[in-house]
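S.K.: curious how this folds, go ahead:
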Amino acid sequence: MRDRLARILARHELTAVDTSEAAMLALEDKHGIVILGVHFDDSQMFLLLGDIRSHSGYRKVPILCVLGSRGRAITDIAVEGLDHAVKAMRANGFLDLSHFPDDEEGNSRICRIVDYLILIDGDLQHIARTTGETLLPADRRRAAH
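M.R.: Numbering: from 1, shown residues only. Predicted coordinates for the structure are as follows:
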């Protein structure tokens with residue numbers, strides 16, 4: 001997954017880390033987005049997601065959680081559960097890379113999603129500000145895809 005994302009996001013400056021501690025230290029450098037793999041740091045994705053969202057300086061940093069590959073134990077129902085869980089923990093989106101072919105079109109779609117999350121700076125409420133309304137949680141989930 002790391003190699004594929006590096007190819008897709010080649011025009012962005014990337015910082016790759018392998019542990020939660022290294023990730024929290026890297027966030028001090030003001031990154032535009034965190035892309036967090038489901039199997040990060042021996043499957044500690046949820047712990048890091050919670051740490052980032054509980055830190056006052058990083059609450060608005062966009063977080064995109066990504067499933068790079070599926071083993072036999074990861075069913076469609078498990079992936080749907082991951083999607084709901086990361087959004088409940090206030091990640092901005094969840095991608096199962098198996099839904100995006102590793103070709104120009106699939107990788108371009110992933111790049112557009114990442115670019116959009118960086119553009120809005122993790123603030124999905126901007127969509128509603130023009131109308132003076134607030135997005136409901138269900139609308140926020142749809143907008144994060």
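
S.K.: show me where this protein has strands.
M.R.: Here the chain has its strands, by DSSP state E, at 34-37, 63-67, 93-96.

S.K.: for D102, give its distance to I8.
M.R.: Per CB to CB, to the nearest Å, D102 is found 9 Å from I8. C-beta coordinates here come from the backbone N, C-alpha and C atoms, glycine included.

S.K.: OK, contacts around the residue positioned nearest the centre of the chain?
M.R.: Centroid-nearest residue in the chain: L64, 0.3 Å away (criterion: CA atoms, centre = their mean). With contacts defined as CB atoms under 8 Å, 6 or more residues apart in numbering, the neighbours of L64 are I33, V34, I35, L36, A91, N92, G93, F94, L95, I113, V114, L117.

S.K.: can you rerun that using 6 Å?
M.R.: I35, G93, L117 (CB atoms under 6 Å, 6 or more residues apart in numbering).

S.K.: longest helix anywhere in this structure?
M.R.: Under DSSP state H, the helix in the chain containing the largest number of residues is helix 104-119.

S.K.: which helices and strands does that helix pack with?
M.R.: helix 2-8 (3 or more CB pairs under 6 Å, 6 or more residues apart in numbering; DSSP states H and E).

S.K.: repeat that for 10 Å
M.R.: Judged by 3 or more CB pairs under 10 Å, 6 or more residues apart in numbering; DSSP states H and E, helix 104-119 is in contact with helix 2-8, strand 34-37, strand 63-67, strand 93-96, helix 137-144.
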